[in-house]
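Student: Below are the sequence and a predicted model for it; my questions follow.
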Amino acid sequence: MKLIIRDDAESASEYVAQYMIKRINDFAPTPERPFVLGLPTGSSPEKIYKYLVEAYKNDNISFANVVTFNMDEYVDLAEDHPESYHSFMYKHFFAHVDVKPENVHLLNGNAPDLLVECAEYERKIREAGGIELFLGGIGPDGHIAFNEPGSSLRSRTRVAILAEDTIRANSRFFDNDISQVPKQALSVGVGTVMDAREVVLIVTGHNKAVALQKVVEGSVSQMWTASCLQMHENAIIACDDAATDEMLVKNARYFKSIERVEVEQIERKGRATVAATSEDSRSYQWRGALKKLQVDTDGANKKTHKAENGELTPDSMHGRLMDSAIGMDDIEKMEDGMKLTNMGSRVNTIEV
Ligand SMILES: N[C@@H]1[C@@H](O)[C@H](O)[C@@H](COP(=O)(O)O)O[C@@H]1O
């Protein structure tokens, strides 16, 4: 997985929003071939929705050919309750963009038969061709969607019982009264998320620091269900500095340096292209290179280049350096811990 670290929640959210915009635009969805997007709720993605709405209003993106599937919804909470995930999604996103109502899917926590509702949801995802990109957040206990500690890492959409920690955390939306927080929810499973062709998580704030440490540096575990992403071929976690508070400093620096090396390669490719093109096309090429500098979606698009995909395996890290045409000069300039010869100790500290 890739870990993208930004100074604050604002810039981490902007990164994710730009990444999504580029992915959707590059995909060029049509009614026959829509982009299938998985979506979360929670305070963490709010800023992302704000950027996406802004981008739509500035004509930088359209959601007309985007099909959405939300991760979860409370059981037995009226759809029009201000804290239902239906209300959240309309308030923060759907009401402000051109997504077609018939393309929006949210689980119905008031369905007469919840098991049928869950099975149907899985069927609809399959029928839509599977999820192209699943955006998510995590809870302080490391849950993804409502897959609380102990959820099977192969779980599918089902009725989930909320953990005490989650009920307490979510009581802030219910007048800080835990008795008002629903105790059950319908949630896509860990397996449902893992089936997405790409997963992007936003993790911000010091209160997520323990969870992020477990998810990134710990073992894959049902007790921190978002750690399943270590097994995903195309996963990105975008976080702010505060969320890395419990990680080893050297690991956070390592992830930052991966991004730096990738950005340098893109810059270098951009310079080479500019040198080889005419004056007229010069500014166009630079715009392209600069755009890529901010958000590089190549990892997601080039599925065959696994070594560039941010996977944390010693092999891929070796591949990353060797494949990237980095000259000896560049390696000399790297911080000591980043040199290929010094990678071993760093790699060993990460359980994979
Ligand atoms: N089911 C949702 C999760 O999908 C979300 O990731 C989590 C974190 O929310 P927040 O971003 O508000 O911390 O909250 C809820 O439990």
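Tutor: Thanks, I have the structure now.

Student: confidence score at the residue in the stretch 151-300 of the chain that the ligand sits nearest to?
Tutor: Nearest residue of the stretch 151-300 of the chain to the ligand (C-beta to the nearest ligand atom) works out as residue 166 at 5.2 Å. (C-beta placed from N, C-alpha, C; glycine too.) What the model reports as pLDDT for residue 166 is 90.

Student: so what's residue 60 closest to, chain neighbours aside?
Tutor: With sequence-adjacent residues excluded and distances taken as C-beta to C-beta, 6 or more residues apart in numbering, residue 60 is closest to residue 21, at 6.2 Å.

Student: So that neighbour: helix, strand or coil?
Tutor: Using DSSP: H, G, I helix; E, B strand; the rest coil, the structure places residue 21 in helix.

Student: Okay, it and the ligand: tell me how far apart.
Tutor: Per C-beta to the nearest ligand atom, to the nearest Å, residue 21 is found 21 Å from the ligand.

Student: Run through the residues that contact that residue.
Tutor: Contact partners of residue 21, counting by C-beta atoms under 8 Å, 6 or more residues apart in numbering, are 52, 55, 60-61.

Student: nearest spatial neighbour of the residue of the stretch 151-300 of the chain closest to the ligand, skipping sequence neighbours?
Tutor: With sequence-adjacent residues excluded and distances taken as C-beta to C-beta, 6+ apart, residue 166 is closest to residue 139, at 5.4 Å.

Student: To which secondary structure element type does the one you found belong?
Tutor: Per three-state DSSP, residue 139 ends up coil.

Student: Pull up the residues of the protein that are close to the ligand.
Tutor: Selection of the chain residues close to the ligand by C-beta under 6 Å from any ligand atom yields 40-44, 71-72, 137-139, 145-146, 166, 170.

Student: ok, now with 8 Å
Tutor: Residues of the chain found near the ligand, taking C-beta under 8 Å from any ligand atom as the criterion, are 40-46, 71-72, 85, 136-140, 143-146, 162, 166, 169-170, 185, 187, 202, 204-205, 207-208.

Student: Just the buried ones among those, please.
Tutor: Among the residues of the chain next to the ligand, those scoring as buried are 40-42, 44-46, 71-72, 85, 136-140, 143-146, 162, 166, 169-170, 185, 187, 202, 204-205, 208 (criterion: 16 or more other C-beta atoms under 10 Å).

Student: what's the nearest residue to the closest residue to the ligand within the stretch 51-200 of the chain if we skip its chain neighbours?
Tutor: Residue nearest to the ligand within the stretch 51-200 of the chain: residue 137 (2.9 Å; C-beta to the nearest ligand atom). Excluding the flanking residues, the one nearest residue 137 by C-beta to C-beta, 6+ apart is residue 44, at 4.0 Å.

Student: contacting residues around that neighbour?
Tutor: Residue 44 neighbours (C-beta under 8 Å, 6+ apart): 9, 137, 202-205.

Student: mind giving me CSV with these and columns for secondary structure?
Tutor: CSV is the format used below for the contacts of residue 44 (three-state DSSP):
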residue, secondary structure
9, helix
137, coil
202, strand
203, strand
204, coil
205, coil
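
Student: and which of these is nearest to residue 102?
Tutor: Comparing these against residue 102 with C-beta to C-beta places residue 137 closest, at 26.3 Å.

Student: Please verify my assumption that that closest one contacts residue 200.
Tutor: No - Residue 137 lies out of contact with residue 200 (C-beta atoms under 8 Å); the separation is 10.3 Å.

Student: any idea which element the nearest residue to residue 117 once chain neighbours are set aside lies in?
Tutor: Spatial nearest neighbour of residue 117, chain neighbours left out: residue 111 (3.8 Å); criterion: C-beta to C-beta, 6+ apart. Using DSSP states H and E, residue 111 sits in no helix or strand.

Student: Filter the buried ones among the residues of the chain next to the ligand down to the ones in helices?
Tutor: Taking DSSP state H as the definition of helices, those contribute 46, 85, 166, 169-170.

Student: Over to the residue nearest to residue 117: give its phi and psi.
Tutor: The phi and psi values for residue 111, taken as degrees, to the nearest 10, are phi -60, psi 150.

Student: per-residue confidence at it?
Tutor: Predicted confidence (pLDDT) for residue 111: 98.

Student: Perfect, I'm done here.
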